[in-house]
Structures are given as C-alpha cells and as structure tokens.
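*Asks:* Attaching a predicted model along with its sequence, questions to come.
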Amino acid sequence: MTQQEAFIFSGFGGQGVMFVGQLLAYTAMDCGLNVTWIPSYGPEMRGGTANCTVVISEKPIGSPIVRFPSVAVVFNLPSFDKYEPVIASGGLLVSNSSLVDQTSERDDITLLQIPGTDSADDLGNVRVTNLIMLGAALTARPVLTVDDVRASLADHIPAHRRNLLDLNYAALDRGVELASDLLVTA
C-alpha cells in the first residue's frame, strides 16, 4: 500500500454506496490500518444522491476531507459527472457502465467500465452491484485484498443479512473477474 489512499463511492440512495464504504473501512481497521469514513446524503435518502469518502493510511490521517480522491467508484451518471474531473492524476475511476454511458477523456487516470448492475442482475440480485464494483476497484488498486474483505464481511454483516453472505462473495468474485479481464486487455 502507498502511504494513503482516498476512495469516493457515489450513486443514488439505495445502491449500497454507504454499506460498501463502511465495509472497506471495517476491512482497513481489521487489517490494522488507520481509516476514516464520512457519509454524505442528498435531500432524499432513497433515490437521492449519496456518497461516502474512505481514507486508508498506514500513518495517522491528518484530515478526512478529500478534494482529489485517488479512487472514485461511481454508480450513476451524475456521480460520474461530479467525480471524474477531480480524481487525482494517476488515480482510478471505476464506472458502472450499466448506468453510465460516458467515458473519460482523461489520459492521466485508469478507467474501468464495469457492468455492475447488469452483472448483479445476472447473479440474481441487483443489490450486490456495490460488491461487484468494490471487487473491481480492489483488483485494479489492491490497497486491501479481496480475502481481507471477505473476512470483514463475515465478521460485520448484520445477522439478518447472513443468508446473503455467499451471494456477496460471488459478487466480489465477479468484480475481480470483470476487472481482471479489462486490465489484461488494456
């Protein structure tokens, strides 16, 4: 890991951006790293905009505020439009190509267009789009391992959602597979 990575997860309320940000934060804590997680909601919870920032560092974090994230994971077009221009040079943009039909013209970032929603639908539940996108992001930017995420997911998933654990694992694996295919052809 580099000294510090700043992730932005952004989409409509109900797409699981807060959960996936929390999961990444828990995973970082479980691995002994310093972490901050800051949620931000639009005027409506479900259907409005939602995003969260996760900063992961080996050293103490001076500020949880991020102007230029190193990684942006965007679930919809408004999020793409908002965060694509501010990703730090050398950064990563993971875009849900099921809902975002635009591409980046920037040549100083890596763009992964992942059909997250369509792939989650293929798995039987669009609610795991978030884990597909996380698996893809961590494949391209391995700040933490997917195995670390699996362990944290098992430790932190609410009891009433434990029946979805295997589906969540399958979604992580699908994200790894999709990103790996794209990275090999790039």
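*Replies:* Alright, I've got the coordinates.

*Asks:* ok, the closest residue to Thr27 other than its chain neighbours - contacts?
*Replies:* In space, and not counting its chain neighbours, Thr27 is closest to Ser152: 4.0 Å by C-beta to C-beta, 6 or more residues apart in numbering. (Glycine included, C-beta is placed from N, CA and C.) Ser152 is in contact with 23, 26-27, 30, counting by C-beta atoms under 8 Å, 6 or more residues apart in numbering.

*Asks:* where does the residue most central in space within the chain fall, phi/psi-wise?
*Replies:* The chain has Leu134 as the residue nearest its centroid, 4.0 Å off, counting by C-alpha atoms, centre = their mean. Dihedral pair for Leu134: phi -70, psi -40, per degrees, to the nearest 10.

*Asks:* Next up, the contacts around Arg150.
*Replies:* Applying C-beta under 8 Å, 6+ apart, one finds that Arg150 lies in contact with 169, 172.

*Asks:* ok, so what distance separates it from Leu93?
*Replies:* Computed as C-beta to C-beta, to the nearest Å, the Arg150 to Leu93 distance reads 25 Å.

*Asks:* Mind putting the contacts of Ser152 into a markdown table with distance to Val146?
*Replies:* Below are the contacts of Ser152 laid out as a markdown table (distance: C-beta to C-beta, whole Å):
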| residue | distance to Val146 |
| --- | --- |
| Leu23 | 12 |
| Tyr26 | 14 |
| Thr27 | 10 |
| Asp30 | 14 |
